[in-house]
Every structure is written in C-alpha cells, then in structure tokens.
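>>> fold the following and give me the result.
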Amino acid sequence: MKQQDLHNESVRHEAAGDLKKALAAASTAANLAEKQATNQKLLASDNPDRENHAANVGRRQLRVAVLALRCDEVTKAAAAADRATELLPSSGPAKFRQAQAFERLGDRSKAIASAKKARALAPGNKAVDTFLKRLETPASV
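Below is the predicted model:
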C-alpha cells in the first residue's frame, strides 16, 4: 500500500472514531515514508530535494504523535514527536506535541522548554499559550 493510501485510511478511521486503527495506519505510513527516504537516500545532506522529503516524513511522524497522544500511547507519541521536530525544526505544532508528550511522561522541565520553543515558532497559538501557562503555574498544595 502507498503512503497516501495509508494516510487516507488513517483519516477515514479517525473520522469514524476508531483512533487505534487510525494510529496503526498512520504509523505504517510514517514507517514506509522513513524506509523509502532512507533506502533512496532522500534525506542525505547532498540531496537538493532533501527539505521536501524531510517535510513529508516529518508530517507523517507528526500525525503519529497526534494520534498516539489521543490514544494515550505516550512513549510512541514522544518518539514520533522527537522525529518530527528533528525533521521539521521550525514547526511549532511538532514542538507543541513534543511538549505534550514530555508532560505526559512526567518531565515538566522538558515540557516547558519545548512549549516555549513552540510558542516562539508559532506566536499567538492559544493552545500553546494555555498549555505553557498551566505548566508554569505552581500547583496548589
């Protein structure tokens, strides 16, 4: 199956409310994108089209991170968000998903650092602002 077909399948499952199947299809699409990029050396620094291929793989990983967070598969979400931020270093949404994963893993300091980077990359994003404000507010005893 092709990446786009898997992506479309993931979207259909998500729309139908079956997040586990949506995540499975998105993960397969991301793995296929990564494998193709690696096998064809599409992410090599000397490839003139590297940025486009990195963006494709990064977007696939970002979708996995989003769905994994929704399915409470936090370790998978963290790995996908880390890969997405590596491939899409100027993506506020990727940094935000990374921050959410760090928080759910219990690493507040990394969550705050990633959320601050997300805010710098996507100023005015209310979800990021709310998330960061919540993290920076001391918990009541």
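
>>> helix or strand for residue 42, which one?
Using DSSP states H and E, residue 42 falls within no helix or strand.

>>> before we move on, what's the pLDDT of it?
At residue 42, the predicted lDDT confidence score is 84.

>>> gap between the two ends of stretch 29-49?
Taking Cα to Cα, to the nearest Å, stretch 29-49 runs 20 Å from one end to the other.

>>> just checking, what packs against whichever strand or helix holds residue 115?
According to DSSP H and E, residue 115 maps onto helix 108-121. Where contact means 3 or more Cβ pairs under 8 Å, 6 or more residues apart in numbering; DSSP states H and E, helix 108-121 is packed against helix 92-104, helix 126-136. Bear in mind the C-beta positions are built from the backbone N, C-alpha and C, glycine included.

>>> how about the residue most central in space within the chain: what's its closest non-neighbour residue?
Centroid check for the chain by Cα atoms, centre = their mean gives residue 62 as the closest residue, at 2.6 Å. Counting by Cβ to Cβ, 6 or more residues apart in numbering, residue 62 lies nearest to residue 84, which is 4.2 Å off, once chain neighbours are set aside.

>>> any low-confidence regions in this protein?
139-141 (pLDDT under 70).

>>> switch the cut-off to 80
Applying pLDDT under 80 to the chain flags the ranges 138-141.

>>> report the contact partners of the residue nearest to residue 62.
By Cβ atoms under 8 Å, 6 or more residues apart in numbering, the contact set of residue 84 is 58, 59, 61, 62, 65, 91, 94, 97, 98.

>>> now do 7 Å
Applying Cβ atoms under 7 Å, 6 or more residues apart in numbering to residue 84 gives the contacts 58, 61, 62, 65, 91, 94, 97.

>>> what's the distance between the fifth one and residue 18?
Looking back up the chat, that one is residue 91. 27 Å (Cβ to Cβ, to the nearest Å).
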